[in-house]
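1. Everything below, folded, please.
(chains A and B)
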Protein chains: 2
Amino acid sequence: MIKTVDPKKVSTQEFHSYLLGAVAPRPIAFASTVDKNGVVNLSPFSFFNAFSANPPILIFSPARRVRNNTTKHTLENVLEHKEVVINIVNYAMVEQMSLASTEYDKGVNEFTKAGLTEVPSKMVKPPRVAEAPVAFECKVNDVVALGKEGGAGNLIIAEVVLAHINEEILDESAKIDPFKLDAVGRLGGNWYTRANYDALFEIPKPLATKGIGIDQIPQEIRNSSILTGNNLGRLGNVETLPDKEEIKSFIQTNQHVQEVLSKKDKTEITLSLHKYAKKLLDENQNTALAWKVLMAISYY
Amino acid sequence: MIKTVDPKKVSTQEFHSYLLGAVAPRPIAFASTVDKNGVVNLSPFSFFNAFSANPPILIFSPARRVRNNTTKHTLENVLEHKEVVINIVNYAMVEQMSLASTEYDKGVNEFTKAGLTEVPSKMVKPPRVAEAPVAFECKVNDVVALGKEGGAGNLIIAEVVLAHINEEILDESAKIDPFKLDAVGRLGGNWYTRANYDALFEIPKPLATKGIGIDQIPQEIRNSSILTGNNLGRLGNVETLPDKEEIKSFIQTNQHVQEVLSKKDKTEITLSLHKYAKKLLDENQNTALAWKVLMAISYY
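-> Residues are numbered from 1 along each chain as shown, chains lettered A, B, ... in the order given. Got it, this is the predicted structure:
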């Protein structure tokens, strides 16, 4: 059953909760700003992402509080001094980041409260967080108010002028290694996710030559009771299906498939082949091999 | 060592790779659009997030390709017909979503190619994805080009007019359950993360009454060789420290702490108490209890 919700017919609090629950996992901007007197503030925001590489643009939104329609010190600071350092949060500092989200009084430096280390920036006034794996020094190009009521976002459109990357998170080709980065993402309620270990998986990029698509997969394979949508997605990402010669020579070299084909019941053979192909796909093996297994049925 | 990168001094491709690697995990907008003739397109974007609850605003960015500065069909469609359905992607459909990111020719319907089911929307023309756990029907308020070169983002500022939530992902209080949602997030390279199982963790929200902060934690605890930054973050999120009477009566009821305190060497006792407190904090137990353990040293 589908629950259909008209945002104009429910409270802001209720719709806010659906947005926080559904649009996930969200990256976290740990934003360092200064007011006109240079007093530092540090606060996390998960209405945040990158939006452009050239120019390099990051956007985050300190929303007006749903509770009482007040604004956050970060927004006030950015309006007074149009610079921000956006620090990336890894698992090792997530509790300190959460503590920094406390609504301390204006003038309280959350670096001190959260036990984090200020490092002077090179091109902007707000300091960066020494413990952060990556920090982006930014100039604020624009601040766009999306509304005036509680829950209204304020887009802080920030252009990166300098990036600091801890070399410990780089792999041997100087790219960021997700396992070493150990990033955390925000979900609804009190939930976070750690983007590391078994939670990480790879999907080969779709073929530039264009995969055949699931619509071109033979009906009996598309309607398999064994193969999942993810398996079909992978199968649709091949440029061509194996031809008769390829299938034939594959069967000649694969004893397991020969044994399966020697059975009498066609349904049983189909199920066995589909299970074998699913195993290959789930183990991230060669998609072409899975195709040969599936199409071996034509030699029944 | 810190690698400092000036975006103006490296290629767009190189800086793009740092942004994709560092700003993570990113939620995925699986965007359904139509052109002026009503031809449907479906494509995923990870430069995406929620930014406001009232009005409910989602923003995603189909950037100009870094490779050849061409634009995507989604952007062209949204400029022709200012509506979009943003579908949320869960693990069960991630390979189909990836297949839909293939650069099929204009006019090819990725619903068909990816084997996904079109459901007519109620308030906008583009259809939603039946398989998606959540879908947001949106009017496009604005399209903002962030630049003209390859890699330039295009903000599609979309206001939610209707949300569809599969009731199977709701918990008993009708909120979205992250375990049932089973969302995926995007990282750099070919990497994705599954926000579920052991990757999920909770952090209690900071106290409205304001925690003491790490700066108010006694020096010998702050400088502990046992406690991590995350442990200190949790310890800083209490309103007051236990008083002498509370610590005393805690020791009287805790045999393990009594045994530790009966040892002779103060360093050994401190290490034992810190290890015990760390265990309580790591197991998400009562922070007040961990504080009593740590402060029991005053009865040495």
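
2. Could you use CA atoms for every contact and neighbour count after this?
-> Noted.

3. Excluding chain neighbours, what is closest to A:K82?
-> Counting by Cα to Cα, 6 or more residues apart in numbering or on different chains, the nearest residue to A:K82 once its immediate chain neighbours are dropped is A:V140, at 5.0 Å.

4. How about A:I28?
-> Per Cα to Cα, 6+ apart, closest to A:I28 is A:S46, 4.6 Å.

5. Give me the distance between that neighbour and A:Y192.
-> 11 Å (Cα to Cα, to the nearest Å).

6. list residues touching both of the two?
-> Common neighbours of A:S46 and A:Y192, using Cα atoms under 8 Å, 6 or more residues apart in numbering or on different chains, are A:R186.

7. For the stretch 151-300 of chain A, which segments count as helices?
-> A:178-181, A:219-222, A:229-235, A:244-253, A:255-261, A:266-282, A:287-295 (DSSP state H, counting those that start in this stretch).

8. how about TSV for those helices, with mean pLDDT and mean neighbour count added?
-> Listed next are the helices of the stretch 151-300 of chain A as TSV, based on pLDDT from 0 to 100; neighbours: other Cα atoms under 10 Å in any protein chain shown:
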stretch	mean pLDDT	mean neighbour count
helix A:178-181	98	20
helix A:219-222	96	14
helix A:229-235	96	24
helix A:244-253	95	14
helix A:255-261	95	16
helix A:266-282	96	18
helix A:287-295	96	20
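
9. contacting residues around the closest residue to A:L235 other than its chain neighbours?
-> Distances taken as Cα to Cα, 6+ apart place A:T287 nearest to A:L235, at 6.5 Å, with adjacent residues excluded. Contact analysis of A:T287 by Cα under 8 Å, 6+ apart lists A:234-235, A:238, A:280-281.

10. follow-up on the earlier one: hang on, the residue nearest to A:I28 packs against A:I59?
-> No: judged on Cα atoms under 8 Å, A:S46 makes no contact with A:I59 at a distance of 10.4 Å.

11. So between those two, which is more surrounded?
-> The neighbour count for A:S46 versus A:I59, taken as other Cα atoms under 10 Å in any protein chain shown, is higher for A:I59 (25 against 22).

12. Surely the more buried one is within a strand?
-> Yes: counting by DSSP: H, G, I helix; E, B strand; the rest coil, A:I59 is found in a strand.

13. residues in contact with it?
-> Taking Cα under 8 Å, 6+ apart, one finds A:48-51, A:155-158 in contact with A:I59.

14. For chain B, tell me which of these show up nearby.
-> Contacts with chain B within these, as defined by Cα under 8 Å from any Cα of the partner chain: A:48-51, A:155.

15. B:A100: which of the helices of the stretch 151-300 of chain A is closest?
-> Nearest to B:A100, of all the helices of the stretch 151-300 of chain A, is helix A:229-235, at 8.8 Å by Cα to Cα.

16. List the contacts of the closest residue in space to A:G211 that isn't next to it in sequence.
-> Leaving aside its sequence neighbours, A:G211 sits nearest to A:N237 (Cα to Cα, 6+ apart; 4.1 Å). Applying Cα under 8 Å, 6+ apart, we find A:N237 in contact with A:206-207, A:210-213, B:99.

17. Just the ones of those in strands?
-> Residues from those lying in strands, with DSSP state E as the criterion: none.

18. of the residues you listed, the lowest pLDDT goes to which?
-> Lowest pLDDT among the contacts of A:N237: A:L207, with 82.

19. That one contacts B:Y104, doesn't it?
-> No: judged on Cα under 8 Å, A:L207 makes no contact with B:Y104 at a distance of 10.3 Å.

20. Those two: which is more packed in?
-> Regarding A:L207 and B:Y104, a neighbour count based on other Cα under 10 Å identifies B:Y104 as having more, with 19 against 15.

21. Doesn't the more buried one belong to a helix?
-> No: read with three-state DSSP, B:Y104 is coil and lies in no helix.

22. Could you tell me how many residues sit around A:V238?
-> A:V238 has 21 nearby residues by other Cα under 10 Å.

23. Surely it touches A:P204?
-> No: using Cα under 8 Å as the test, A:V238 is too far from A:P204 to be in contact (11.3 Å).

24. ok, back up a step: which residues sit in contact with the residue nearest to A:K82?
-> A:V140 makes contact with A:78, A:82-84, A:156-159, according to Cα under 8 Å, 6+ apart.

25. In strands, which of those fall?
-> Per DSSP E, the contacts of A:V140 map to strands at A:83-84, A:156-159.

26. can you pick the most crowded of those residues?
-> A:V84 (29 neighbours).

27. Show the contacting residues for that residue.
-> For A:V84, the contacting residues are A:31-34, A:78, A:124, A:126, A:137-140, A:158, by Cα under 8 Å, 6+ apart.

28. between those residues, which is nearest chain B?
-> Minimum distance to chain B across the contacts of A:V84 is 9.9 Å, recorded for A:E137 (Cα to the nearest Cα).

29. and the closest one, what element?
-> strand A:134-145 (DSSP states H and E).

30. strand partners of that strand, parallel vs antiparallel please.
-> strand A:83-88 (antiparallel), strand A:154-166 (antiparallel) (DSSP bridges).

31. which residues does the closest residue to A:Q216 other than its chain neighbours contact?
-> Closest residue to A:Q216 apart from its sequence neighbours, by Cα to Cα, 6+ apart: A:G236 at 7.5 Å. The neighbours of A:G236, taking Cα under 8 Å, 6+ apart as the test, are A:211-217, B:99, B:113-114.

32. now those residues as a markdown table including neighbour count?
-> Shown next, in a markdown table, are the contacts of A:G236 (neighbours: other Cα atoms under 10 Å in any protein chain shown):
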| residue | neighbour count |
| --- | --- |
| A:G211 | 23 |
| A:I212 | 19 |
| A:G213 | 26 |
| A:I214 | 28 |
| A:D215 | 17 |
| A:Q216 | 16 |
| A:I217 | 17 |
| B:L99 | 34 |
| B:K113 | 24 |
| B:A114 | 29 |
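
33. between these, which is nearest A:L42?
-> Once Cα to Cα is applied, the member of the contacts of A:G236 that ends up nearest A:L42 is B:L99, at 40.1 Å.
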